[in-house]
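Trainee: Please find the sequence and the predicted model below.
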Amino acid sequence: MSPAPALVVIAHGSRDPRHAATVHALTRRARTLRPGLRVETAFLDFNTPSVGQVLSSLYLSGVRDVVALPLLLTRAFHAKSDIPAALAESTARLPGLSVRVADVLGPSPLLVSALERRLAEAGLTPADRATTAVVLASAGSTDPEAIAAIAETAREWRHTGWCAVRPAFASAALPRTEDAVRALRAEGFARVAVAPYVIAPGRLPDRIAAGAEAAGADVIAPVLGAAPELARLLLRRYEAAAAAPARLPALTA
């Protein structure tokens, strides 16, 4: 029986050291959930190791079958361009290396569960749901598919009992977090909570928090971070990709 493919989690990277620390905490949690699975972390920018470095190291250790998992919530530019390009470069110079690309993390009920967890940690109780409006605050993107995915997540989450859920963005799209908070307040909602739809701390999550505070949000949840739901979601995406036929990395999953 051939060994299970190695899992390479590919994060964006950041100059903020909290970003890499959070990503590593998440991948450690995934390793704990799946003892024996080789799980490595790579970064597109700012941090090391790079995608090429991780794949080269795996290759030198004898690994020939890899699942690459974009640590992204939507299929925006990094999922469609940067990650396939990095994988294609590595497979071109590492003969016999098979790489399957897993789906991005969103959308998923597990992400909604993680958002609920963070709001609870910030002080909201189940009894608050029917009287609380929520701003689903993402980093933002110029990709229409990514923006539509965030809006759809907000619509679906609204059906779980919150009195309103509205999307907002820290960059590249509107409304900004502070504008969404003020709009909900103007509509008469007495309690407004902000739930950052981002994985790790950094400049844009800090912008979300600052906007929420400036607009007087009642509750500001932490980022998703190394939530157990995210670790389970990593493994779910890994399993789906590992069961699929191998494909060239230039063909996105």
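Mentor: Done, it's in. All values reported here derive from a predicted model rather than from experimental measurement. Numbers count the residues shown, from 1 in each chain.
Trainee: Just checking, which helix or strand succeeds the helix or strand of the chain with the lowest mean pLDDT along the chain?
Mentor: When the helices and strands of the chain are scored by mean pLDDT, DSSP states H and E, helix 77 comes last with a mean of 75. Counting by DSSP states H and E, the next helix or strand C-terminal to helix 77 is helix 83-93.
Trainee: Report the contact partners of the residue lying closest to Thr142 once chain neighbours are set aside.
Mentor: Closest residue in space to Thr142, ignoring its immediate chain neighbours: Ala172 at 4.9 Å, by Cβ to Cβ, 6 or more residues apart in numbering. For the C-beta atoms, the positions are set from N, CA and C on the backbone; glycine is no exception. By Cβ atoms under 8 Å, 6 or more residues apart in numbering, the contact set of Ala172 is 140-142.
Trainee: How about Ala139?
Mentor: Neighbouring residues of Ala139 by Cβ under 8 Å, 6+ apart: 169-171, 198, 204-205, 208.
Trainee: Ala130 now?
Mentor: Counted by Cβ under 8 Å, 6+ apart, Ala130 has contacts 161-163.
Trainee: the strands in the protein, which residues?
Mentor: In the chain, the strands defined using DSSP state E lie at 6-11, 39-43, 65-70, 98-101, 132-138, 164-169, 191-196, 219-220.
Trainee: Identify all contacting residues around the first one.
Mentor: Under the criterion Cβ under 8 Å, 6+ apart, residues 19-20, 23, 26-27, 30, 37-44, 47, 51, 54-55, 58, 63, 65-71, 83, 86, 199-200, 234, 238 lie in contact with strand 6-11.
Trainee: ditto for the last one
Mentor: Contacting residues not belonging to strand 219-220 are listed as 119, 122-124, 132, 191-194, 209, 212-213 [Cβ under 8 Å, 6+ apart].
Trainee: hang on, isn't Phe77 packed against Ser141?
Mentor: Yes. Using Cβ atoms under 8 Å, Phe77 makes contact with Ser141 at a distance of 7.3 Å.
Trainee: Which residue of the two possesses the greater neighbour count?
Mentor: Taking other Cβ atoms under 10 Å, Phe77 and Ser141 do not tie; Ser141 has more neighbours (22 against 13).
Trainee: follow-up on the earlier one: could you export the contacts of Ala172 as CSV, including distance to Val8 and pLDDT?
Mentor: Converted to CSV, these look like this (distance: Cβ to Cβ, whole Å; pLDDT from 0 to 100):
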residue, distance to Val8, pLDDT
Gly140, 26, 93
Ser141, 23, 92
Thr142, 26, 92
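Trainee: just the residues you listed now: which is nearest Gly225?
Mentor: Of all the contacts of Ala172, the one with the least separation from Gly225 (Cβ to Cβ) is Gly140, at 19.2 Å.
Trainee: Now do that closest one against Glu239, distance only.
Mentor: 30 Å (Cβ to Cβ, to the nearest Å).
Trainee: Name the residue in those two with the higher neighbour count.
Mentor: Between Gly140 and Glu239, counted using other Cβ under 10 Å, Gly140 has the larger neighbour count: 24 against 15.
Trainee: Test my guess that the more buried one contacts Pro175.
Mentor: No. Under the criterion of Cβ under 8 Å, Gly140 is not in contact with Pro175, lying 10.5 Å apart.
Trainee: Overlap of the contact sets of these two?
Mentor: Common neighbours of Gly140 and Pro175 (criterion: Cβ under 8 Å, 6+ apart): Phe169.
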